[in-house]
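Peer 1: here are the coordinates; sequence isn't available:
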């Protein structure tokens, strides 16, 4: 059975909605489509204030995406210590950090050629 194709814009919107539901902070979307060596189309990066909030963000994203578009991540990694959780939706990879870990790795700077869109907090 062929896997259904999910529209990137719809998936992006639902991931953002899931992050905002539990007050995830500093949401950035990195558009990697113009970068030849990119492994996906988009990175979404956000952070929480604790391992509890990081896991809440991850759970909220999964719940929202599953409910709205019946999709689930291909792979999720890092939930045990919840300092940096990676969620792989194939075309979109979500990075949920604790703030100090995000600042340390600064992955936005590694993808400096990407177009970055910052989502303003609604709270």
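Peer 2: Arrived safely, thanks for sending. Predicted model only: the values in this text are computed from it and were never measured.
Peer 1: CA only for contacts and neighbour counts going forward, please
Peer 2: Noted.
Peer 1: Mean pLDDT per helix and strand in this structure: which one sits at the bottom?
Peer 2: Counting by mean pLDDT, DSSP states H and E, the chain has its least confident helix or strand at helix 107-110, which shows a mean of 91.
Peer 1: Buried residues, that one. List them.
Peer 2: By neighbour count with 16 or more other C-alpha atoms under 10 Å, helix 107-110 contains the buried residues residue 108.
Peer 1: can you check stretch 83-99 too?
Peer 2: By neighbour count, with 16+ other C-alpha under 10 Å as the criterion, the buried positions of stretch 83-99 are 83-89, 92-99.
Peer 1: secondary structure element for the residue most central in space within the chain?
Peer 2: Centroid check for the chain by C-alpha atoms, centre = their mean gives residue 94 as the closest residue, at 2.3 Å. Secondary structure from DSSP states H and E places residue 94 in strand 92-98.
Peer 1: Just confirm residue 47 is within a strand.
Peer 2: Yes. Read with DSSP: H, G, I helix; E, B strand; the rest coil, residue 47 is one of the residues of a strand.
Peer 1: what's near enough to touch it?
Peer 2: Going by C-alpha atoms under 8 Å, 6 or more residues apart in numbering, residue 47 touches 24, 25, 26, 27, 54, 96, 97, 98, 99, 102.
Peer 1: partner strands of whichever strand or helix holds residue 118, parallel or antiparallel?
Peer 2: Assigned by DSSP H and E, residue 118 belongs to strand 115-119. Strand pairing for strand 115-119, using DSSP bridges, gives strand 25-31 (antiparallel).
Peer 1: Residue 44 contacts residue 30, correct?
Peer 2: Yes. Checked against C-alpha atoms under 8 Å, the pair residue 44 and residue 30 is within contact range at 6.3 Å.
Peer 1: ok, so of the buried residues of stretch 83-99, who is nearest residue 109?
Peer 2: Using C-alpha to C-alpha, residue 95 is the member of the buried residues of stretch 83-99 that lies nearest residue 109, at 14.2 Å.
Peer 1: what's the first-to-last distance across stretch 94-113?
Peer 2: Using C-alpha to C-alpha, to the nearest Å, one end of stretch 94-113 lies 18 Å from the other.
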